[in-house]
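Trainee: Quick one, structure for this:
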Amino acid sequence: MDQFAAQRNRLAALEAELDQLQAQYELAMSTFKFDEADALQRKIASLESGRRALAADLPAPPSAPEPPIGVVPVLRRPGRPGRLRRAR
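Mentor: Residues are numbered from 1 along each chain as shown. Model (predicted):
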């Protein structure tokens, strides 16, 4: 496994752990457990700084290829319904 793949896996694990801690923090805040929420917030801040440092070392992910250039269909503008013409 190359170096960048290992870093991406580590970054994904950090983001999953951050999501879990964020959910625990929100639960602690909603149940008025402010001491527990404060401890979780400190853990989140330290993991967040580690995540930013790890993400800064990774190259940007490859962008999606441009779509082929060609004819673009144009939708007909919806107008008023046509009048019925009577035969004379």
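
Trainee: distance between the ends of stretch 50-68?
Mentor: Between the opening and closing residues of stretch 50-68 lies a distance of 40 Å (CA to CA, to the nearest Å).

Trainee: Name the residues of it that are buried.
Mentor: Going by neighbour count (16 or more other CB atoms under 10 Å), the buried part of stretch 50-68 is residue 51. (C-beta placed from N, C-alpha, C; glycine too.)

Trainee: what is the mean pLDDT for it?
Mentor: Model confidence over stretch 50-68, given as mean pLDDT, is 85.

Trainee: Helices along this protein, start to end?
Mentor: When assigned using DSSP state H, the helices of the chain occupy the ranges 3-30, 34-57.

Trainee: now for the longest one, which elements pack on it?
Mentor: Helices and strands in packing contact with helix 3-30 are listed as helix 34-57; criterion 3 or more CB pairs under 8 Å, 6 or more residues apart in numbering; DSSP states H and E.

Trainee: pLDDT below threshold where in the chain?
Mentor: Applying pLDDT under 70 to the chain picks out residues 1, 79-88.

Trainee: coming back round to it: export the helices of the chain as CSV, with columns for distance to residue 67.
Mentor: Formatted as CSV, the helices of the chain follow (distance: least, CB to CB, whole Å):
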stretch, distance to residue 67
helix 3-30, 26
helix 34-57, 28
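
Trainee: Out of those helices, the one nearest residue 64 is which?
Mentor: In this view, those are compared for proximity to residue 64 by CB to CB, and helix 3-30 is the closest at 17.5 Å.

Trainee: That closest one relative to helix 34-57, how many degrees between them?
Mentor: Helix 3-30 and helix 34-57 are oriented at 160 degrees to each other (axes from the mean of the first three to the mean of the last three CA atoms, to 10 degrees).

Trainee: Between the helices of the chain, which one is closest to residue 71.
Mentor: By CB to CB (comparing all of the helices of the chain), the closest turns out to be helix 3-30, at 38.5 Å.
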